[in-house]
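>>> Need the 3D shape of this:
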Amino acid sequence: MVKYLCDGTSDGTLSAIGLILQEHSDPGLVTLSEREDTLFEEGMFIATDPLKAEDLFSRLKEKAPDAARTLYFFMLAEQEGMANSLLHYIEQALQHGDKVNGYLTHPAVRDIVTVSRKAARELHRMKGLLRFEKLRDGAYLAQMEPDHNIIQPLAYHFSRRLRAQHWFLYDRKRRTASSWNKGELRFGTIEQFTTPALSEDEKEVQAMWQAFFKTIAIPDRKNPRLQKSNMPMKYWKYLTEKQGE
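Numbering: from 1, shown residues only. As a prediction, this is how the structure comes out:
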């Protein structure tokens, strides 16, 4: 068994996989893991090569577009310790094409697909659960703390739907932000963040929405278990209608 190491970044992992698949006729005899920089760590380190990573993703997208999409969502999950599973998933995808996602009896395929689906599911949920609040300066702000690093696809989603507004997304967990203003989408980091003051209009709208939400509720049909399944409590912190519960 040949052991390789990578730096654990997206580019580092993909470039290492690209090199392994290029140099080994039987990737099943190869293992890949993130470097830990311990004294007795075994394995040959493969340096990060963004061009090789991009080339591998392009090959995968051409050969198996559904698998490339699975890979994209897997990378958003920022799951550590799965470089070896990713190596063997990509090897299977290049060999079998998009049929690979159906080979769930293969441990590597099952692991990658499972993580990818969780990230994709959270992205879909956040498109409906994200709440924009109007600030005093007229801009809109939506805050979140998702399990996965989904700010980029979320920002692109809202850049197509809220084109006329000036808005910000802020991921408090990762301290990353995106902004849309006058047709330009930007990304960056904000180490020290203080929530700006809301506009008076926003305060009135939130009060009315909370009153409406409570008024339309039918006590006899209340199903907390189903509600938490569709709208997990970890998202309630930034939901206007759930404040005070």
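>>> if we look at stretch 43-57, which residues are touching it?
Here stretch 43-57 makes contact (C-beta atoms under 8 Å, 6 or more residues apart in numbering) with 2-7, 9-21, 31, 33, 35, 68, 71, 90. No exception for glycine: its C-beta is placed from N, CA and C like everyone else's.
>>> now swap in stretch 93-101 and tell me
Against stretch 93-101 from outside (C-beta under 8 Å, 6+ apart): 21, 59-60, 63-67, 70, 89, 92, 103, 109, 113.
>>> ok, back up a step: whichever of the contacts of stretch 43-57 end up buried, select them in PyMOL.
In PyMOL, a selection of the buried entries from these looks like this (16 or more other C-beta atoms under 10 Å):
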select buried, resi 4+5+6+7+10+11+12+13+14+15+16+17+18+19+20+21+31+33+35+68+71+90
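>>> can you tell me which of the contacts of stretch 43-57 are in helices?
Counting by DSSP state H, those place 10-21, 68, 71, 90 in helices.
>>> and Gln143, helix, strand or coil?
When classified by DSSP: H, G, I helix; E, B strand; the rest coil, Gln143 comes out as strand.
>>> swap that for Lys203, sorry
Recorded secondary structure, Lys203: helix (three-state DSSP).
>>> number of nearby residues for it?
Lys203 has 13 neighbouring residues, counting by other C-beta atoms under 10 Å.
>>> As a check, name the ranges of all helices in the chain.
With DSSP H as the definition, the chain shows helices at residue ranges 10-23, 50-63, 65-76, 83-96, 107-129, 151-161, 200-215, 224-230.
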